[in-house]
Each structure stands twice: as C-alpha cells, then as structure tokens.
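**Q** Prediction below, plus the sequence it came from.
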Amino acid sequence: MQYTHGSDPATQPLQLVYEGSVKRVWQSPAKTDRLWFEFTDDYSVFDWGKMPDQIANKGRALAVIGAYIFDRLSKAELWRTLPDSPHLAKFNRAWLNELFSQAVFSGPQGLVHVGLPNHFRSLTHREGRISDLIGAVRSPEPLFMEVLAARVDRPRLQNIFNHTLYLYNEGQAQTAMEPAARRLIPLEIVFRFGMPQGSSLAERLKNDPSYEQELGVKVPPNGGWFAHPVLEFYTKLEPKDRLLSWQEAANMSCLSGVQFASLVELALDTALALHVLFADKGIELWDGKFEMVADSGRLLIADSVGPDELRLLHKGCHLSKELIRQMYRGTPWEKGLKDAQRLAQMDNTRTWKQIATEQLRIAPEPLLSTFKAIVDKLYGVLANHLLGGEIFADHPGLDAFVRSLPDLLLSEARAHTAGEGR
C-alpha cells in the first residue's frame, strides 16, 4: 500500500511501515527522519485489537485533536500561567511548588521558556501542510500527523524453563541512552488525578491495599481527587500491558538516573497542563497515558494525546474510550475475556487472545445501533468543542451530546458524581 505525498521533493510515495489496530504509520524515502500517522476509524477496547465495526470521523477527529493539543502545549505562555491556574487549587500547593521549582519546568531550557518538547511537526495531507482545516477534514483525502521518526527496539520473546520472558536492550548499555539516536522508550507512562467510576485502580487496591503506599498518596474511599497526581508504568511493546515497578521501569527505559527523574517530572508537568487545558473547556481530566522518545539527550512527548489516551468527563459523563468500554461491560464477550486472561496465567504456550478465540470461541459483537449512533458523534463533538468551531458538520454541542446519552450510561454518571461528593 502506498500514498503519493506532494510535500516531498521528489513526490515519492509514502510507504506503510506499520499497521496497528487503530493506526497506520507511513514513511517517505525522501524524508526518512519523519513519519506520517494516519488514524483510522477502527477502535479497540480491552486490548482486543480491531473491533468488528468502525466509528464515524474517529480518525480525522483524533488527528485534529492531537495536533491542537501538541500546538497548545508547545507554547511557553501556557506553562508560565500554569502555577496560578485556579483549576489546580484542589491539589496540594506545597507539592505543586516543589514540582514547579524543578529544572524541567523552570530551568533555563524548562517548559516555561521553550514550551513542551514533542515529536509533532504538522497536520498534513498528500499536498502538504493543512491551510484549510475544515476543508481538509471534510475532504475524502487521507489526513496525517507528521512527526519525528524514532527507532523502536522491540523485545525478544523467549521461553526459559516454562517462563515466558520479554528480553529488552540485549547487547545495549543499560545506564545511558545513545547520544545521537532517537528511540522510543518502551513504557506507557500512566498518570492519575483520582479514582473515578470505572477506574482499574479500584480493583487493584481491593486486591492489594498496600499498593496505596507505592502510589504515594492517600486514595479517597469513594473516588474523588488525589492530593496530587501519581504515576504508574506499564510495558508498551508487549501483547498485554504489564504493570511495572518504578525500578523495573527505570531499568527498562535504558536512561540514566538523572534522565529518568526528568521523565517523571515531564510526565507530571504535562499531566497538570492537560488538566488545566481541558478544565478551561469545562471537561475533567482524570487519568491518561503518555509515550516518550529519547532524542540526543532530550525527552519528547510522543505518539498522540487525545480521547483514546485520556479519561475525560463532562458533568460526570465519559467523553473518551471509556464510554465505549461501558457499552461492552457485562456482555458475554467481556466476561469471557477475564476467563481467558485467567487461563493464560496457567498456560504459557498460548496468549489470552488465542485462548479466547480458539478455546472459549468468543468474539465481540458490533455495537448496538443505539450505542453506535452515540459513538459516531463522540469524536467530532470533542473536536468541535476543543477547537471552538464546527469542524465536523451536523454534530450537537457538548451539553446536548451528554443529554442524548441513554439512562444506562447516565446511571454511570450519577454513580460517579455521588461517589465524588462523599
């Protein structure tokens, strides 16, 4: 599969270098230091991979939202106003002051002076950079996010004495990143501002109450905000995301101690900036995840940032992929996934998805038509609301969209709101 990209000097075709469940990654022989992300209308929940139907406008909306967020965060002005934002008043001021005094935020090359370092370069299509956003969105032509390319060092899978292991950084130094190589850090960096309805953290704390100490913050008994955001680390390049200790994450990152500390600071700073950015639009950001790239001694926020990476709520109602998860919770397929994952822990020869499809013979059904009609508006509604215009035609406003949710989903919102108040 190839696309011709008009901005290349020789108009050489883009070549497909990777296709995941919801995104294609392209590269041009004439511009090998760049990648073009094409977000599709496919979606994935519970790490299943591509689901049986698609969501209208999802890919284009994700590209537009990602470009908007990267552009906003790249401006130093946003960071200079961040410490005084009233939206941060709910968090511990002494903790915030300590974070904002660190070099990543306030140093000579800190966020308040140069904005957020990230890999995004432009929103583009075959003919080059986008000058007419509405025209590009409504055109049938593919829409791309142009980003800096980075090397991906995938782990090698090996079975040793009946233990399935993923081996990272084989033959590479473990204490410092290569000075001139831009590479993906193989971590998903998860931030949490609290524990809203549906958070996976609730079940983890139920199974292991001592995990609260590792988080380093007191967890409210019925949801609500933490005193400050916390971080967790998961594997990025394995079939099933695996929770890591900070020690494992530091080792897997192949960063020095100073660099890993900068990664932590950058993740917390960026989470707070996103919290304020969405709060300014009347949307609550509760948690999300980042990817980062190591680039010649710098750390860059990478991949994309939007409703597929963030848990967003408005008036207690979910506005991100969690809304779709709610629609599948309680179905025979979702219940069967838990059985498959439990069986996979006792069978090192098959993945949980192989067990689900081959042994349990379960697969997801397409969304019910009433749910599909709602989700088909979700991404366009968010893009219009964030950018402040009718980028996607014939979409309701945010409040009208929330009012359109059926009682099944509104009951989740009421449960969340009630828990937050206790």
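**A** Arrived safely.

**Q** Spell out the residue ranges of the strands in the stretch 251-400 of the chain.
**A** For the stretch 251-400 of the chain, strands defined by DSSP state E, counting those that start in this stretch occupy the ranges 284-295, 298-302, 310-314, 317-318.

**Q** Output the second one as PDB, nothing but the C-alphas.
**A** Below are the C-alpha coordinates for strand 298-302, written out as PDB (Å, rounded to 0.1, in the frame of the first residue of the first chain):
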ATOM      1  CA  ARG A 298      16.200  15.300  25.300                       C
ATOM      2  CA  LEU A 299      12.900  13.700  26.100                       C
ATOM      3  CA  LEU A 300      10.000  14.300  23.800                       C
ATOM      4  CA  ILE A 301       6.300  13.600  24.400                       C
ATOM      5  CA  ALA A 302       5.300  11.200  21.500                       C
END
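
**Q** and the direction of it versus that of strand 284-295, what angle?
**A** Interaxial angle, strand 298-302 versus strand 284-295 (axes from the mean of the first three to the mean of the last three CA atoms, to 10 degrees): 130 degrees.

**Q** Give the other helices and strands that strand 298-302 contacts.
**A** helix 257-279, strand 284-295 (3 or more CB pairs under 8 Å, 6 or more residues apart in numbering; DSSP states H and E). All C-beta atoms are positioned from the backbone trio N, CA, C, and that covers glycine.

**Q** Would you mind listing the buried residues in it?
**A** Buried residues in strand 298-302, defined by neighbour count with 16 or more other CB atoms under 10 Å: 299-302.

**Q** Distance check, the residue minimising distance to the centre of the chain against residue 389.
**A** The centroid of the chain falls nearest to residue 309 when counting by CA atoms, centre = their mean (2.3 Å). Going from residue 309 to residue 389 by CB to CB, to the nearest Å gives 23 Å.

**Q** repeat for residue 400
**A** Distance from residue 400 to residue 389, by CB to CB: 16 Å.

**Q** Equivalent analysis for residue 64, please.
**A** 11 Å.

**Q** More neighbours: the two, which one.
**A** Neighbour count, other CB atoms under 10 Å: between residue 64 and residue 389, residue 64 has more, with 30 against 11.

**Q** Tell me, what's the model's pLDDT at that one?
**A** Looking at residue 64, its pLDDT is 94.

**Q** ok so, going back, as JSON lines, the strands of the stretch 251-400 of the chain with mean pLDDT would be great.
**A** Formatted as JSON lines, these follow (pLDDT from 0 to 100):
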{"stretch": "strand 284-295", "mean pLDDT": "96"}
{"stretch": "strand 298-302", "mean pLDDT": "97"}
{"stretch": "strand 310-314", "mean pLDDT": "95"}
{"stretch": "strand 317-318", "mean pLDDT": "90"}
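
**Q** out of the ones you listed, which comes closest to residue 107?
**A** When the strands of the stretch 251-400 of the chain are compared by CB to CB, strand 298-302 sits nearest residue 107, at 12.9 Å.

**Q** quick one on the thing from earlier: kindly reformat the strands of the stretch 251-400 of the chain as CSV and extend each row with distance to residue 56.
**A** Formatted as CSV, the strands of the stretch 251-400 of the chain follow (distance: least, CB to CB, whole Å):
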stretch, distance to residue 56
strand 284-295, 24
strand 298-302, 27
strand 310-314, 19
strand 317-318, 18
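
**Q** Ok, which of these comes nearest residue 141?
**A** strand 298-302 (25.1 Å).

**Q** what about the stretch 151-300 of the chain, any weak spots by pLDDT?
**A** 171-180, 198, 222 (pLDDT under 70).

**Q** All the helices of it, residue numbers only.
**A** Along the stretch 151-300 of the chain, counting by DSSP state H, counting those that start in this stretch, helices occupy 200-207, 211-215, 246-253, 257-279.

**Q** Highest mean neighbour count out of those?
**A** helix 257-279 (a mean of 20; mean count of other CB atoms under 10 Å).

**Q** what's the angle between it and helix 246-253?
**A** Using the same axes, to 10 degrees: helix 257-279 against helix 246-253 is 100 degrees.

**Q** and helix 257-279 with strand 310-314, angle?
**A** Going by the same axes, to 10 degrees, helix 257-279 makes 20 degrees with strand 310-314.

**Q** And residue 315, how far from residue 124?
**A** 35 Å.

**Q** and these two? which has more neighbours close in?
**A** residue 124 (22 against 16).

**Q** ok, back up a step: make CSV from the helices and strands packed on strand 298-302 and add distance to residue 128 to it.
**A** Shown next, in CSV, are the helices and strands packed on strand 298-302 (distance: least, CB to CB, whole Å):
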stretch, distance to residue 128
helix 257-279, 28
strand 284-295, 24
